[in-house]
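Participant: Predicted coordinates and the sequence they were generated for:
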Amino acid sequence: MNALRRIANIVALSMIGLAASAQAEESPRADATRIGRTSVPKAPGFQELYDFDAAAPTLADATFRYEVRVHRAHVVMLAEQGIVTRADAATILRGLDAVDARAARDPGLRTYLPYEAALIKEIGPVAGRMHTGRSRNDLANTVNRMYYRDQLNRTIEALIALRKAVVQKAADNVDTVMVVYTHRKEAQPITLGHYLMAVSESLGKSIDRYEQLYQRVNQSPLGAAASAGTGWPLNRERTAGLLGFDGLVVNTIEGTAGWDHIAEFASDNAIYLSGLGRLGSEIQLWTTDEYRSAELDSAYAGISSIMPQKKNPDSIERSRQIAANSVGALTSILTSLNAIEYQHSVARVPLEPRSIDALLAATHAMTGVVQTLHPNKQQMLRYAAENFSTMTDLADAIVRESGIDFREAHEIVARVVNAAIDAGMPANRIDAKMVQQAAQAQLGHPLNVSDAAIRDALDPTSNVARRNGVGGPAPAAVQRTIEQARRELSAEDARQSKRTQALAVAARQLDAAAAQLASQR
């Protein structure tokens with residue numbers, strides 16, 4: 001049910017848009033937390049930030065459904081190899097169905113030895129043959145890999161949806177002129193589309209990392225037994241295929257001792273979420289009362305219990321908190337590995353379902369934040385025009401018109417800026433007289449710079465248009481990156497579909513093989 005709810009949340013994100021606010025007056029949610037300026041219904045992606053923690057299963061509960069499939073694949077292989085008789089295999093498979101039904105009601109049966117005891121009670125001593133050539137060590141590592149590969153697919157799916165939202169918002173704002181900041185100081189004019197395509201490129205790299213990790217995770221350690229393998233003639237490739245693995249963890253020690261793929265998952269999470277947190281931090285600044293460069297949609301905002309004017313960026317702050325926590329998960333895993341030998345050990349710290357569900361909740365929330373963000377285009381343009389972000393182009397114009405070197409032009413413009421600030425003058429009111437006064441003070445003589453060149457240099461829209469090189473902020477340049485990103489997203493969708501389809505095919509093959517064998521008497 002949790003999985004179905006998360007899927008429903010993802011679908012709902014794409015349908016929210018600006019409708020969340022409009023919907024408020026028609027059907028306000030009976031929710032005491034939705035008061036004041038945010039009395040509109042809370043978006044599903046926002047609500048998930050509150051719900052995921054309580055809904056997160058334990059690792060044992062989350063992996064149990066994979067363990068029962070490993071049992072079936074192993075039994076099918078044992079029968080095919082002649083290690084157990086087909087009659088015994090059929091008895092075991094029918095017994096597994098009965099014990100699985102009991103385990104669904106009794107969490108105490110969701111660990112191996114109690115489960116095996118229940119199976120022996122159900123069908124007798126023949127149940128013990130299921131464990132031939134196998135240990136809890138390779139069983140647990142196989143089950144974990146099956147669980148984590150599905151979580152990787154969930155993660156990739158969520159990142160693709162976020163990247164699509166970012167690219168679409170960029171496409172809607174290729175002409176929205178704004179200022180890019182460095183050191184939290186206004187730097188140069190860009191567009192909102194240009195900024196968002198930087199985020200898209202970063203997301204593309206995270207998707208790449210997760211896809212590469214999937215290949216390393218989707219290798220079967222089954223057959224490694226306790227660590228030294230087994231003398232039974234197992235067909236490791238057969239069980240790997242039935243379970244949807246692409247290949248084997250070949251060495252039997254690595255099969256039970258290896259944990260770097262889990263550390264890598266946690267590392268990839270921390271890297272990705274650090275970028276998501278930076279995006280959240282920037283949007284939160286834009287939406288402050290001082291910046292007023294954008295407005296957070298009410299469906300993703302909270303309210304103060306005492307201050308009715310407040311519209312708090314709760315969805316962003318909760319997502320940033322999740323980003324911070326991801327570093328703790330990574331640190332715990334790496335510390336546990338540093339403290340143990342290269343062998344199977346339960347001292348190794350796993351990546352808990354709660355940590356993964358938190359990442360997904362933050363991703364879904366920020367997807368909705370981006371989709372429903374309301375840019376204040378006039379304010380953004382005003383900041384770009386008035387707050388000296390055009391000064392680099394003014395220096396460049398002086399170089400082009402007068403032929404002096406850039407460093408001299410840089411110092412002349414610095415004098416102009418100081419004079420404007422002292423006079424309380426915005427950047428777009430700088431004129432040729434101020435430039436000539438600064439040149440006289442710096443060089444001892446005036447410059448040959450036209451009024452038209454200065455006006456053009458001070459126009460933020462012209463600033464942006466000039467930067468039409470690869471990766472630049474000019475609308476045409478941004479449009480090219482949008483088109484490239486959409487091609488990449490199409491390929492990412494195709495690879496995601498291929499991975500999930502391969503797992504579905506393997507699941508059907510296992511079900512068919514187990515059913516055919518279980519039908520024998």
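Facilitator: Noted; the coordinates are in hand. Residues are numbered from 1 along each chain as shown.
Participant: Contacts for stretch 435-450, please.
Facilitator: Contacting residues not belonging to stretch 435-450 are listed as 394, 397-398, 401-402, 404, 408, 411-413, 415-416, 419, 432, 454 [CB atoms under 8 Å, 6 or more residues apart in numbering]. The C-beta positions use only the backbone N, C-alpha and C, and glycine is treated the same way.
Participant: can you give me the strands for the stretch 101-250 of the chain?
Facilitator: Assigned by DSSP state E, counting those that start in this stretch, the strands in the stretch 101-250 of the chain fall at 177-182, 185-191, 219-220, 247-248.
Participant: Now do the buried residues in the host helix or strand of residue 336.
Facilitator: Assessed by DSSP states H and E, residue 336 sits inside helix 314-338. By neighbour count with 16 or more other CB atoms under 10 Å, helix 314-338 contains the buried residues 314-316, 318-320, 322-323, 325-326, 329-330, 332-334, 336-337.
Participant: now for it, which elements pack on it?
Facilitator: Packing partners of helix 314-338 (3 or more CB pairs under 8 Å, 6 or more residues apart in numbering; DSSP states H and E): helix 44-55, helix 260-286, helix 353-372.
Participant: what does it contact?
Facilitator: So helix 314-338 is contacted by 43, 45-46, 49, 259-260, 262-263, 266-267, 269-270, 273-274, 276-277, 280-281, 283-284, 296, 300-302, 347-352, 355, 358-359, 361-362, 365-366, 368-369 (CB under 8 Å, 6+ apart).
Participant: next one: stretch 369-378 to chain centre, how far?
Facilitator: Computed by CA atoms, centre = their mean, to the nearest Å, the chain-centroid distance of stretch 369-378 equals 21 Å.
Participant: Give me the mean pLDDT for it.
Facilitator: Taken as a whole, stretch 369-378 has a mean pLDDT of 97.
Participant: what number of residues lie near the closest residue in space to residue 236 that isn't next to it in sequence?
Facilitator: If the residues on either side of it in the chain are set aside, residue 236 comes closest to residue 223, at 3.8 Å by CB to CB, 6 or more residues apart in numbering. Neighbours of residue 223 under the rule other CB atoms under 10 Å: 27.
Participant: Where does the closest residue to residue 224 other than its chain neighbours sit, in terms of helix or strand?
Facilitator: Computed as CB to CB, 6+ apart, the closest residue to residue 224 that is not its neighbour in sequence is residue 255, at 3.1 Å. Assigned by DSSP H and E, residue 255 belongs to helix 252-257.
Participant: Check which helices and strands that helix sits against.
Facilitator: helix 136-171.
Participant: The helix it packs on versus strand 185-191: what angle between them?
Facilitator: Helix 136-171 runs at 70 degrees relative to strand 185-191, counting by axes from the mean of the first three to the mean of the last three CA atoms, to 10 degrees.
Participant: all strands for the stretch 351-500 of the chain, in order.
Facilitator: Going by DSSP E, counting those that start in this stretch, the stretch 351-500 of the chain shows strands at 374-375.
Participant: before we move on, the earlier item: pull the residues that contact the helix holding residue 255.
Facilitator: Residues contacting helix 252-257 (CB under 8 Å, 6+ apart): 135, 137-138, 141, 221-229, 249, 342-345.
Participant: thinking again about what came up before, please work out which of the helices and strands packed on helix 314-338 is packed deepest.
Facilitator: Sort these by mean neighbour count, taking mean count of other CB atoms under 10 Å, and helix 353-372 sits at the top with a mean of 26.
Participant: Find out how far it is from the centre of the chain, if you would.
Facilitator: Here the centre of helix 353-372 is set off from its chain's centre by 8 Å, with CA atoms, centre = their mean.
Participant: same deal with stretch 350-369?
Facilitator: 8 Å.
Participant: For it, output the C-alpha coordinates as PDB.
Facilitator: Only the C-alpha atoms of stretch 350-369 are listed here, as PDB (Å, rounded to 0.1, in the frame of the first residue of the first chain):
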ATOM      1  CA  PRO A 350      22.800  -0.800   6.200                       C
ATOM      2  CA  LEU A 351      21.100   2.000   4.300                       C
ATOM      3  CA  GLU A 352      17.700   2.000   6.100                       C
ATOM      4  CA  PRO A 353      14.400   2.200   4.200                       C
ATOM      5  CA  ARG A 354      13.600   5.400   6.200                       C
ATOM      6  CA  SER A 355      16.600   7.100   4.600                       C
ATOM      7  CA  ILE A 356      15.600   6.200   1.100                       C
ATOM      8  CA  ASP A 357      12.000   7.100   1.700                       C
ATOM      9  CA  ALA A 358      13.200  10.500   3.100                       C
ATOM     10  CA  LEU A 359      15.100  11.200  -0.100                       C
ATOM     11  CA  LEU A 360      12.000  10.300  -2.200                       C
ATOM     12  CA  ALA A 361       9.800  12.600  -0.100                       C
ATOM     13  CA  ALA A 362      12.200  15.500  -0.500                       C
ATOM     14  CA  THR A 363      12.400  14.900  -4.200                       C
ATOM     15  CA  HIS A 364       8.700  14.800  -4.600                       C
ATOM     16  CA  ALA A 365       8.300  17.900  -2.500                       C
ATOM     17  CA  MET A 366      10.900  19.900  -4.500                       C
ATOM     18  CA  THR A 367       9.400  18.700  -7.700                       C
ATOM     19  CA  GLY A 368       6.100  20.300  -6.700                       C
ATOM     20  CA  VAL A 369       7.900  23.400  -5.400                       C
END
